[in-house]
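> 3D, please:
(chains A and B)
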Amino acid sequence: MKPFSFEYFKPNNIDEAISLLNGYGEDAVILAGGQSLIPLMNLRLARPKYIIDINKIAELSYIKDTNGGLSIGALTRHREIEKSDIIKSKYPILSKTVSLIGNPQIRNWGTIGGSISHADPAGELPTLLLALNGKVKVVGNQGEREIDGDDLFLGYLTTSMEKTEILREVYIPEISPKMGWEFVELTKRSHDFAIVSVAVLMSIDNAGKCNDVRISLGGVGSMPVRAKGAEEFLLDKAINDDSINEAANIASEEAEPESDIHASAKYRKEMVKVFVNRGLISALDRVRG
Amino acid sequence: MVKKYAINLTVNGINYEKEVEARKLLVDFIREDIGLTGTHIGCEHGQCGACTVVFNGKSLKSCLMFAVQADGAEILTVEGLAKDEKLHPIQEAFWENHGLQCGYCTPGVLMSSYVLLKENPQPSEEDIREGISGNICRCTGYVNIVKAIKEASKKIEGAGI
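From the prediction side, this is the model:
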């Protein structure tokens, strides 16, 4: 099938893009890497009347390691994040997660801002953003505002951004080198959409007790969620096989997946248990070095 | 009257100035507007990789970009690989190693291999499998494709290309 007709704009800067969005509002969409939007258009599942192509806006593409965190411009390609040495050394969970997205062609063009604002519950980056306590900076004609990852995703392909706002930057607070981490996903083929994904970050004190833990789940419902019950259970507990197993059980119980063509809700719940378990074991291995 | 957009781009070293409808996919532009039908259309939504071309040095599924976005771009398609009637070493290696059967996916696989070997001239088997993971072949089971790419990397090294 071929996409429906639309009008095309290629703004030179963010201000131009915002004024176009204000002019066309509900009928306009932002085109970044196009690796999710264009398939939807080819299948005529999306029929925007106006396309605002932001690929010319070079100021939206950067990776900045600042004091206390990492700032990534919305138009930064997955491949640039995957290859970035600073991210490999200081945010290795991000390097690994991005390497699981799509395939080389998709990663060459897909962008971090596009992936997050598309808010696909099967996408890797929305799930990871929650575990990283990340936030996004969005800009519209009312100026700029920050949205915490926790407040960003509202449902399937839906965020709390206004139709007239553009995601400008993704911000990730610094990850202590003492944090262990893991990102695991279930796919039909390697690099395919994640049927279930789990991100884990954890640190333990000298006595072996958990002093920080974040677990997020993707593919279990209409949007990614934190496994809050499992996190609360682990905090201040000694980390061992028993506590890890129990946390995995709690995460599985609190997950509320739906059945679809790829997997039943029951199977997804079971896989949450398996992956939270594996994720915590791997994170613990990394904490211990 | 449907609105058309002027674009100017280079494909296989030849400059083209054309007018396109915004919704025209790059792959359709390459096949219909400039007549290079070596780039194939498979799934038309980014799953199969048959339409892979090299766009400003990076591999791209050309069904996932509109032609209007390619204004100013430099594109290489499978027709641009052979020089002076002589096959590119990657094409030779695919021929010699039976790296294709029906051939439908082959142009896309060749272009992914081209970018892979540019970025990583001595890839491991794992690198090769990762490098062509965006290209689906339903005939070969990939074994001979992987063999051909290994062989191609030796040929390119030997020829100093």
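
> Quick one: the strands in chain B, in order.
Defined through DSSP state E, the strands belonging to chain B, from first to last, are B:4-11, B:14-21, B:52-55, B:58-61, B:74-76.

> tilt between the second one and strand B:4-11?
Put plainly, it is strand B:14-21. Interaxial angle, strand B:14-21 versus strand B:4-11 (axes from the mean of the first three to the mean of the last three C-alpha atoms, to 10 degrees): 160 degrees.

> roughly how far apart are B:Met65 and A:Gly23?
According to C-beta to C-beta, to the nearest Å, B:Met65 stands 25 Å off from A:Gly23. In short, each C-beta sits where N, CA and C put it, glycine included.

> These two: who's more crowded?
Taking other C-beta atoms under 10 Å in any protein chain shown, B:Met65 and A:Gly23 do not tie; B:Met65 has more neighbours (25 against 13).

> Was I right to think that one contacts A:Gly110?
No - using C-beta atoms under 8 Å as the test, B:Met65 is too far from A:Gly110 to be in contact (11.9 Å).

> Show the contacting residues for the residue of chain A found nearest chain B.
Residue of chain A nearest chain B, by C-beta to the nearest C-beta: A:Asn103 (3.1 Å). Contacts for A:Asn103 (C-beta atoms under 8 Å, 6 or more residues apart in numbering or on different chains) come out as A:191, B:49, B:133-134.

> Considering those residues, which possesses the most neighbours?
Sorting the contacts of A:Asn103 by how many neighbours each has (other C-beta under 10 Å) puts B:Gly49 first, at 28 neighbours.

> Not counting sequence-adjacent ones, nearest residue to that one?
Among residues not flanking B:Gly49 along the chain, B:Asn135 sits closest, at 3.5 Å (C-beta to C-beta, 6 or more residues apart in numbering or on different chains).

> Phi and psi next, for that neighbour.
phi -120, psi 120 (degrees, to the nearest 10).

> Off-centre distance for stretch A:80-95?
Taking C-alpha atoms, centre = their mean, to the nearest Å, one finds the center of stretch A:80-95 at 15 Å from the center of the full chain.

> check contacts around the spatially closest residue to the residue of chain A closest to chain B that is not a sequence neighbour.
Distances taken as C-beta to C-beta, 6+ apart place B:Gly134 nearest to A:Asn103, at 3.1 Å, with adjacent residues excluded. Neighbour list for B:Gly134: A:102-106, A:191, B:49, B:52, B:59, B:61, B:112 [criterion: C-beta under 8 Å, 6+ apart].

> The same query, at a cut-off of 7 Å, please.
If a contact means C-beta atoms under 7 Å, 6 or more residues apart in numbering or on different chains, then B:Gly134 has A:103-106, B:49, B:112 as its contacts.

> Next up, the contacts around A:Gly113.
By C-beta under 7 Å, 6+ apart, the residues touching A:Gly113 are A:32, A:74-75, A:167, A:170.

> let's go with 10 Å and repeat that
Neighbour list for A:Gly113: A:30, A:32-33, A:54, A:60-61, A:72-76, A:125, A:136, A:138, A:166-170 [criterion: C-beta atoms under 10 Å, 6 or more residues apart in numbering or on different chains].

> With B:Ser153 instead?
With contact set as C-beta under 10 Å, 6+ apart, B:Ser153 has these partners: B:89-90, B:93, B:113, B:116-117, B:120-123, B:127-128.

> pLDDT score for the closest residue to A:Glu7 other than its chain neighbours?
Closest residue to A:Glu7 apart from its sequence neighbours, by C-beta to C-beta, 6+ apart: A:Tyr50 at 5.1 Å. pLDDT, the model's per-residue confidence, is 97 for A:Tyr50.
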